[in-house]
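*Asks:* sequence and predicted structure are below.
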Amino acid sequence: MPMPDELSEAEFRSLYRRLRGTASGGGRRRGALDTITAEQVLAAVREVRSGRTVSLAAPVETRAEPDDADPAEHRLTAPADGEPVAKGVDFARDRFAMNVHSDVDSHLDALCHVIYDGTLHGGIPAADALSPEGASVLSVELARDGIVGRGVLLDIPRVHGLSWLEPGSNVTAEDLSAAETRQGLRVGRGDILLVRVGHRRRREELGPWDVAAARAGLHPTAMEFVADREVAVLGSDSNNDTAPSAVRGVAFPVHVLAVHALGLHLLDYLRFEDLAPICAREGRWSFLCVIAPLRLPAATGSPVNPLAIL
């Protein structure tokens, strides 16, 4: 697959202004989530045929790896001495802590997560909205009622006859269109668009690597496809952003375009290795998708276990 051009910062800023000006989520309280109507939820429910559910999350990692220097922490806190009482009632209890925005665990980015030129989505000054106590606006609380809609999986390696895209590869708008054509569907307004690059399969077969230095993801210009289709949520089994960055002088350009310009909640580091074979076997790549972040009123994101219901 040919490599798309690297963008200059000036070219990126021009793209940013263009997408921000046409964003369906621009100026809305919940960003692009407001593109999911009650009618669309009911239509998504009709996608269910077998009632089978598939998790789109990876198991939470608790061991340090090359892509996870700050793994989640989990420990049993009771029984205190590790031995339950011999008689009567006792309880096993545990404690869990994590870096929500790690490079390995499945999570949702809230609209307050990305700061660009000192502002959050909608031009809100970051200094006014963020404090050590959390975010006063645009937090994950905007999704407290869950995100329910039609999920669409575009399998990019499958288009190219590959198991995965190699780290550093960029998914283009042409790749997304080609996946649509091959899979016989069209991404539409209010969809939950999920893009498989094969990150998880590569990690599971070859082992972890330094993904901050090299990973497959979307090229910034692919966000024109996303904006044109007016999707509600964007997710990937990688970080969504390619590493190294495809924009000189701008880190995480896809995060800036998706969250800051378009008002999209992002799903990072999902896992599609159970879902993709089912979709291929059944010849259908859309399904009811349910995402339920934790009620963390001032948080910039949340661990998630999205479900595809087929």
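*Replies:* Nice, I can see it.
*Asks:* what about residue 162, how many neighbours?
*Replies:* 14 (other C-beta atoms under 10 Å). All C-beta spots, glycine's among them, are computed from the backbone N, C-alpha and C.
*Asks:* surely it is within a strand?
*Replies:* No - under DSSP: H, G, I helix; E, B strand; the rest coil, residue 162 sits outside any strand and is assigned coil.
*Asks:* so what's the closest residue to it other than its chain neighbours scoring on pLDDT?
*Replies:* Distances taken as C-beta to C-beta, 6 or more residues apart in numbering place residue 198 nearest to residue 162, at 7.0 Å, with adjacent residues excluded. With respect to pLDDT, residue 198 scores 98.
*Asks:* my read: residue 198 touches residue 165, true?
*Replies:* Yes - Residue 198 is within contact range of residue 165, at 5.7 Å (criterion: C-beta atoms under 8 Å).
*Asks:* are there residues contacting both of the two? Which ones?
*Replies:* 156, 157, 216 (C-beta atoms under 8 Å, 6 or more residues apart in numbering).
*Asks:* which of the residues you listed has the largest number of neighbours?
*Replies:* residue 216 (28 neighbours).
*Asks:* for it, what are its contacts?
*Replies:* Applying C-beta under 8 Å, 6+ apart, the residues near residue 216 are 164-171, 197-199, 238, 242.
*Asks:* ditto for residue 73
*Replies:* 62, 95, 96, 97, 98.
*Asks:* kindly report the same for residue 156.
*Replies:* 165, 171, 175, 176, 179, 195, 196, 197, 198.
*Asks:* how about the spatially most central residue of the chain, what does it touch?
*Replies:* Nearest residue to the geometric centre of the chain (C-alpha atoms, centre = their mean): residue 267, 1.4 Å. Counting by C-beta under 8 Å, 6+ apart, residue 267 touches 106, 107, 108, 109, 194, 233, 234, 235, 236, 291, 304, 306.
*Asks:* doesn't it lie inside a strand?
*Replies:* Yes - assessed by three-state DSSP, residue 267 belongs to a strand.
*Asks:* what about it, distance to residue 248?
*Replies:* According to C-beta to C-beta, to the nearest Å, residue 267 and residue 248 sit 27 Å apart.
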